[in-house]
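> sharing a model prediction with you, sequence too.
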Amino acid sequence: GKQIRQVASVLVSLDEAVIDGAVEAAVSSEIWEPLVHAGVAAEHLPPDVRERLAAIIERHGDGLAARFDEAASRLGHDGLRQRLLG
């Protein structure tokens, strides 16, 4: 809804380093909700933004990807990363 579009528009306007930093922070703190919600918002964004988010997750290796998938499922967003990858 409206909230997701707001998050989405903020994500688009962020500098790549900021998005990277936010993902790093979420990962190192084991805080998955914001990352999953960013992914959900990203589904409404241009493909390049979705790909960027997916690429950041991929860059952290399979362990992170698996944990992201687990968190997404737990929060009711099964298959989110696959959708981000198109």
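Nice, I can see it.

> quick one: contacts of stretch 52-66?
11, 16, 19-20, 23, 27, 35, 38-39, 42, 68, 81, 84-85 (CB atoms under 8 Å, 6 or more residues apart in numbering). In short, each C-beta sits where N, CA and C put it, glycine included.

> for the most centrally placed residue in the chain, which three-state class applies?
For the chain, G39 is the residue whose C-alpha lies nearest the centre (CA atoms, centre = their mean; 3.3 Å). Of the three states, G39 takes helix under DSSP: H, G, I helix; E, B strand; the rest coil.

> contact partners for it?
53, 68, 72, 77, 80-81, 84 are the contacts of G39 under CB under 8 Å, 6+ apart.

> if we go to 10 Å?
By CB atoms under 10 Å, 6 or more residues apart in numbering, the contact list for G39 reads 11, 32, 50, 53-54, 57, 68, 71-72, 75, 77, 80-81, 83-84.

> which of those residues fall within helices?
11, 50, 53-54, 57, 68, 71-72, 80-81, 83-84 (DSSP state H).

> lowest-confidence one in those?
Minimum pLDDT for the ones in helices among the contacts of G39 is recorded at L11 (71).

> show the buried residues in the contacts of G39.
For the contacts of G39, a burial check counting by 16 or more other CB atoms under 10 Å picks out 11, 32, 50, 53-54, 57, 68, 71-72, 77, 80-81, 83-84.

> give me the number of residues near L35?
By other CB atoms under 10 Å, the residues close to L35 number 23.

> residues of the helix or strand where it lies that come out buried?
In this structure, L35 sits in helix 33-42 according to DSSP states H and E. Neighbour-count burial for helix 33-42 flags 35-42 (criterion: 16+ other CB under 10 Å).

> same thing with stretch 13-31?
19, 22-23, 26-27.

> just checking, P34 touches V10?
No - in this structure P34 lies outside contact range of V10 using CB atoms under 10 Å: 11.9 Å.

> picking up where we left off before, what's the closest of the buried residues of helix 33-42 to K2?
A41 (11.6 Å; CB to CB).
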